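Enquirer: Quick one: sequence plus predicted model below, questions after.
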2 protein chains.
Amino acid sequence: MRITDIIEKSVPVASTMRNAAFDFSEMTTSVVAVVTDVVRGGKPVIGYAFNSTGRYACGAAMRARFVPRILSAEPDSLLDDAGIIDPGKVMQRMMMREKPGGDAERSVPIGTIETAVWDAVAKILDRPLWHVLAERFASEALQKVPCYVGGGWYKPKDDLAALHDEVRRHLGDGYTHLKIKVGGVSIKDDLVRIESAISLIGAAERLAVDANAALSVDRMLGYGEALAPFGLRWFEEPCGPLDYASFARLAESYGAPLATGENLFCQQDVENLFQFGGFRKDRDILQVDPPQAYGVTAYAHMVARVEALGGSRQRIFPHGGNMMSFALVAGLGLGGCEAYPGVFAAFGGFADGMNVHDGEITVPDYPGIGFEAQPALYQIMRGITDV
Amino acid sequence: MRITDIIEKSVPVASTMRNAAFDFSEMTTSVVAVVTDVVRGGKPVIGYAFNSTGRYACGAAMRARFVPRILSAEPDSLLDDAGIIDPGKVMQRMMMREKPGGDAERSVPIGTIETAVWDAVAKILDRPLWHVLAERFASEALQKVPCYVGGGWYKPKDDLAALHDEVRRHLGDGYTHLKIKVGGVSIKDDLVRIESAISLIGAAERLAVDANAALSVDRMLGYGEALAPFGLRWFEEPCGPLDYASFARLAESYGAPLATGENLFCQQDVENLFQFGGFRKDRDILQVDPPQAYGVTAYAHMVARVEALGGSRQRIFPHGGNMMSFALVAGLGLGGCEAYPGVFAAFGGFADGMNVHDGEITVPDYPGIGFEAQPALYQIMRGITDV
């Protein structure tokens, strides 16, 4: 068994989204196909992935370094004891000739390829990835995955009415927990939005807010003071992702949960957050993005390490409202996943039939990650191997 | 005045170098030309740079994001009050639509382009870059730049004799301060190499050692204990670049200077090193690489910040033995620069006539960075605009 080819294509994410920190008008993602020599129904088994959202496509690094390293490896050196491709060994092979540090430059291309390898492996085993992960990493799989919906972007006109409509729509769609933006207007105006959302959702502990790392330290502390009385579900990215000192400062005075991690790219970043960021393991939420942070194997190791340090996997909510994060949440029994229906074009959302009921999505049984059951996205994925 | 084009080419560094952490056999660098509409002698003024050594070429990110952002800007918006291109504004323009965090993925392409813009600006002003930097950042320029030589790689055969020859050659070439590798053999064998080098150099405080972030924590502590009695000039990268806890642990017990920073990519990394890494501002050495960490403007701001925090610019030794780091050391009055003669092909070393005497190099008066006086490198640079 071997990997015979790895193909990448940069695809625009085509989102008009804008948060407190930046806009997505140029955003792209790398769609990756890992082709194997295993044949099913007359066709090679192909694993797919994409590099989630918020980080640009990275195909050049794949073509220059990571793909040639994999394809030049002795095929048997990348197999596990059962003779199946071992994603962890593929990941190690990609790390050849990489200088220590500077992880973000390689953790996204490596993580995306590694995730696609897992998709191929699960398909070769003819089982859902979540099921394979539960077995490989000795965790208890979820049958229903808690899923909250992210939104609440600022609208230039009739913002409050638009927020009302949006919250109502999400509740009508079966979501029970929501996340909205903060930091794009004054604190006072944000409090009006928050109160308004809570009044519809019915409970502050079902509402999270997200500042997207765009607040100054003073403003962060101001938000902390203003938000504390609500007892929100969490206050996300109150400061720069590597600004451990400010995170720790807020954690001292803000009693409710904080959340961060979508802009951490390696295990060392997480260790530093825990050690220096004042991250409270009994309540704070960790949101590392799997394909952006070296992939699925690294994620499973991170989960184990979080627990060894006294944290809980139930407070890990991977960034990226997509099938990759979903498989990890289900397979490793994490806290839950996020959803951004309709925001990131084909790259947001889940497979057909994965509807949310009372804030949860029942795990599907598609082989692999399940992209084949997500028609608009699968059309893009299939397209890149039809050259 | 405007930037009319920015051209990048990936060039192999063609080094057989191998340190304790990885080898350079696949290493490339991005050579960049920033073309302006200023004409001198019938030709446009062009600024050049390359992304130093150790990080791979990054032209795809330049072409997809940073170059189009610069070329699409209103030209006047990138000028300073005197009507000259402002590298700081060019840098800010490149940061459009970049998500917080993940700096290493963009700090290298942005820093390389920004450094090339400085080369163009200094040429437009018809002055050496070091002179322009001293003026712009109100620092006292050096007339002679302290320069140490790096080497001491392990040889598979007759290693100790080869080290002897190498050290003697460097001393004969005018160097007084050297740096050799550690961590590639046993501590005991490394001590033999160190004693041997010191016996030739004449003083332990003229010898630094570099572990290239490849030691385990136990081995790092073992080296710390074994090296302490020597009172070496510094012990470089004793642990992972973001492993602040281990650096702090060593700093508690190791009295002589430690050094790190070539694998830090943004100001926040430096802040964290100072705040959590136990970095001793009265002795430890900071080695951030200019074109790899957002460029010259960001470097000058970092230097100011280090001093505001109680450190000294005389303990800043930029990574990268090249004309870019040299200009910064001379212009901002930093501690000194490194040299790797003959190691990184055309990308190592300085311009013609910049010979080292008694451990120092007299600053040249070539306009700009001075690549034009470095024939083998300039041939590569000029070649990329001759398309």
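Expert: Right, received. Where do you want to start?

Enquirer: Could you list the low-pLDDT ranges of the stretch 1-150 of chain A?
Expert: Filtered on pLDDT under 70, the stretch 1-150 of chain A yields the residue ranges A:16-17.

Enquirer: Please, where are all the strands along it?
Expert: When secondary structure is read from DSSP state E, counting those that start in this stretch, the stretch 1-150 of chain A shows strands at A:3-12, A:28-40, A:43-50, A:144-151.

Enquirer: Does the second one reach chain B?
Expert: Yes. For strand A:28-40, a contact with chain B is found by Cβ under 8 Å from any Cβ of the partner chain, at residue A:28. In short, each C-beta sits where N, CA and C put it, glycine included.

Enquirer: got it, and the last one?
Expert: No. For strand A:144-151 and chain B, the contact criterion (Cβ under 8 Å from any Cβ) is not met; the two come no nearer than 15.2 Å.

Enquirer: just checking, residue A:59 touches residue A:28?
Expert: No. Counting by Cβ atoms under 8 Å, residue A:59 stays clear of residue A:28, with 9.3 Å between them.

Enquirer: Same list (the strands of the stretch 1-150 of chain A) but as CSV, adding mean neighbour count.
Expert: As requested, the strands of the stretch 1-150 of chain A are arranged in CSV below (neighbours: other Cβ atoms under 10 Å in any protein chain shown):
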stretch, mean neighbour count
strand A:3-12, 19
strand A:28-40, 21
strand A:43-50, 23
strand A:144-151, 22
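
Enquirer: Between the two ends of stretch A:282-292, what distance do you get?
Expert: This stretch, stretch A:282-292, spans 26 Å end to end (Cα to Cα, to the nearest Å).

Enquirer: sorry, that was for stretch A:280-295
Expert: Using Cα to Cα, one end of stretch A:280-295 lies 25 Å from the other.

Enquirer: buried residues in that stretch?
Expert: Counting neighbours by 16 or more other Cβ atoms under 10 Å in any protein chain shown, one finds that the buried residues in stretch A:280-295 are A:280, A:284-295.

Enquirer: Name the residue of the stretch 101-250 of chain A that lies nearest to chain B.
Expert: When Cβ to the nearest Cβ is the measure, the stretch 101-250 of chain A has its nearest residue to chain B at residue A:101, with 3.1 Å between them.

Enquirer: contacting residues around that residue?
Expert: Contacts were defined as Cβ atoms under 8 Å, 6 or more residues apart in numbering or on different chains; by that measure residue A:101 touches B:104, B:213, B:240-242, B:263-265.

Enquirer: go with 10 Å
Expert: Residues in contact with residue A:101, defined by Cβ atoms under 10 Å, 6 or more residues apart in numbering or on different chains, are A:266, A:268, B:21, B:54-55, B:104, B:213, B:237, B:240-243, B:260, B:262-265, B:269.

Enquirer: Could you do residue A:66 as well?
Expert: The contact partners of residue A:66, by Cβ under 10 Å, 6+ apart, come to A:6, A:8, A:58, A:90-91, A:93-96, A:98, A:106, A:109-110, A:112-114.

Enquirer: Name the nearest residue to it, ignoring sequence neighbours.
Expert: Here the nearest residue to residue A:66 in space, its sequence neighbours aside, is residue A:94; by Cβ to Cβ, 6 or more residues apart in numbering or on different chains that works out to 4.5 Å.

Enquirer: residues near that neighbour, how many?
Expert: Here the count is done by other Cβ atoms under 10 Å in any protein chain shown, and residue A:94 has 24 residues near it.

Enquirer: pull the longest helix from chain A.
Expert: If you go by DSSP state H, chain A has its longest helix at helix A:104-124.

Enquirer: Taking strand A:43-50 as reference, get the angle to it.
Expert: 140 degrees (axes from the mean of the first three to the mean of the last three Cα atoms, to 10 degrees).

Enquirer: Let me know the secondary structure of residue A:166.
Expert: Secondary structure of residue A:166, reduced to three states by DSSP: H, G, I helix; E, B strand; the rest coil: helix.

Enquirer: Beta-bridge partners for the residue nearest to it when sequence neighbours are not counted, please?
Expert: The shortest distance from residue A:166 to any non-neighbouring residue, by Cβ to Cβ, 6+ apart, is to residue A:151 (5.5 Å). Residue A:151 has these beta-bridge partners by DSSP bridges: residue A:180.

Enquirer: check contacts around residue A:151.
Expert: A:17, A:163, A:166-167, A:169-170, A:175, A:178-181, A:197, A:210, A:339-343.

Enquirer: In helices only, show me the contacts of residue A:101.
Expert: Of the positions in the contacts of residue A:101, A:268, B:104, B:269 sit in helices, assigned by DSSP H.

Enquirer: For residue B:42, state which of those residues is nearest.
Expert: Nearest to residue B:42 among these is residue B:104, at 40.4 Å by Cβ to Cβ.

Enquirer: Can you check the contacts of residue A:66 and name whichever has the most neighbours?
Expert: Among those, residue A:112 has more neighbours than the rest - 33 neighbours, counting by other Cβ under 10 Å.

Enquirer: Please verify my assumption that that one contacts residue A:29.
Expert: Yes. Look at residue A:112 against residue A:29 with Cβ atoms under 10 Å: they come within range, at 8.6 Å.

Enquirer: Dump the buried residues of stretch A:280-295 to TSV, plus pLDDT.
Expert: TSV is the format used below for these (pLDDT from 0 to 100):
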residue	pLDDT
A:280	98
A:284	98
A:285	98
A:286	98
A:287	98
A:288	98
A:289	98
A:290	98
A:291	98
A:292	98
A:293	98
A:294	98
A:295	98
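
Enquirer: Turn those residues into JSON lines, columns for secondary structure.
Expert: What follows is the buried residues of stretch A:280-295, written out as JSON lines (three-state DSSP):
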{"residue": "A:280", "secondary structure": "coil"}
{"residue": "A:284", "secondary structure": "coil"}
{"residue": "A:285", "secondary structure": "strand"}
{"residue": "A:286", "secondary structure": "strand"}
{"residue": "A:287", "secondary structure": "coil"}
{"residue": "A:288", "secondary structure": "coil"}
{"residue": "A:289", "secondary structure": "coil"}
{"residue": "A:290", "secondary structure": "helix"}
{"residue": "A:291", "secondary structure": "helix"}
{"residue": "A:292", "secondary structure": "helix"}
{"residue": "A:293", "secondary structure": "coil"}
{"residue": "A:294", "secondary structure": "coil"}
{"residue": "A:295", "secondary structure": "coil"}
